[in-house]
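Trainee: The amino acid sequence is not available; the structure is as follows:
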């Protein structure tokens, strides 16, 4: 079965399903199941059958508090809330990569490739933003030093102006005539 990589998912659809939980960018089991075209219970069953592939840094189960926070943060509807009988699994980028191996379908592989591209693009954008922030900080520090240097120059100029306005009498040097 031949599927086009580009036609399966829109990039923004994937981005909208990536959340930050516990300081990690993750995707929830039900969102992944929807993208892969399988039921959430099937995805979870495959994960439980392959527990060794999903250590804690690849996947974790949300706590009740995290779930409530996620719901309030993203304003999920009542129908969304009703559909969650069990706490969802959150998959990190590495965990998402493992899913294609346990779901074992061409669609899962193609969708997974697209999701990985989005994660890579996001990491690149965040890295570029970080570099930009570091560059801005360097410029700020240079400007702070420039301000100090400019203040110093102005204080020297003030001293010179003061000396010109109130010159000290200077002893005349050179040839003196007797007149």
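Mentor: All right, it came through fine. Please read these numbers as outputs of a predicted model, since none were measured by experiment.
Trainee: and the spatially most central residue of the chain, what helix or strand is that in?
Mentor: With distances taken as Cα atoms, centre = their mean, the chain has residue 126 as the residue nearest its mean C-alpha position (4.5 Å). Secondary structure assignment for residue 126, by DSSP states H and E: helix 106-165.
Trainee: pLDDT averaged over that helix - what is it?
Mentor: On average, the pLDDT along helix 106-165 is 79.
Trainee: How far away from the center of its chain is that helix?
Mentor: Between the mean C-alpha point of helix 106-165 and the mean C-alpha point of its chain there is a distance of 17 Å (Cα atoms, centre = their mean, to the nearest Å).
Trainee: same question, stretch 93-109
Mentor: Averaging C-alpha positions (Cα atoms, centre = their mean) puts stretch 93-109 24 Å from its chain's average.
Trainee: how about that stretch: buried residues?
Mentor: Neighbour counts over stretch 93-109 (16 or more other Cβ atoms under 10 Å) mark 93, 95, 96, 97, 98, 99, 100, 102, 103, 107, 108 as buried. Every residue, glycine included, has its C-beta placed from N, CA and C.
Trainee: From residue 150, how far out is the closest residue to residue 35 other than its chain neighbours?
Mentor: When the adjacent residues along the chain are set aside, residue 35 lies closest to residue 111, with 5.3 Å between them (Cβ to Cβ, 6 or more residues apart in numbering). Distance of residue 111 to residue 150, computed by Cβ to Cβ, to the nearest Å: 58 Å.
Trainee: neighbour count winner among the two?
Mentor: For residue 111 versus residue 150, the count of surrounding residues by other Cβ atoms under 10 Å is larger for residue 111: 24 against 10.
Trainee: And for residue 143, the neighbour number?
Mentor: Number of residues near residue 143 (other Cβ under 10 Å) recorded here: 10.
Trainee: my bad, should have said residue 88
Mentor: For residue 88, the number of neighbouring residues by other Cβ under 10 Å comes to 21.
Trainee: Test my guess that residue 31 contacts residue 14.
Mentor: No: distance between residue 31 and residue 14: 9.1 Å, which falls outside the contact criterion (Cβ atoms under 8 Å).
Trainee: out of those two, which sits in the more crowded spot?
Mentor: Neighbours were tallied for residue 31 and for residue 14 using other Cβ under 10 Å; the higher tally belongs to residue 14 (22 against 19).
Trainee: quick one, phi psi at that one?
Mentor: Note on residue 14: backbone dihedrals following degrees, to the nearest 10 are phi -70, psi -50.
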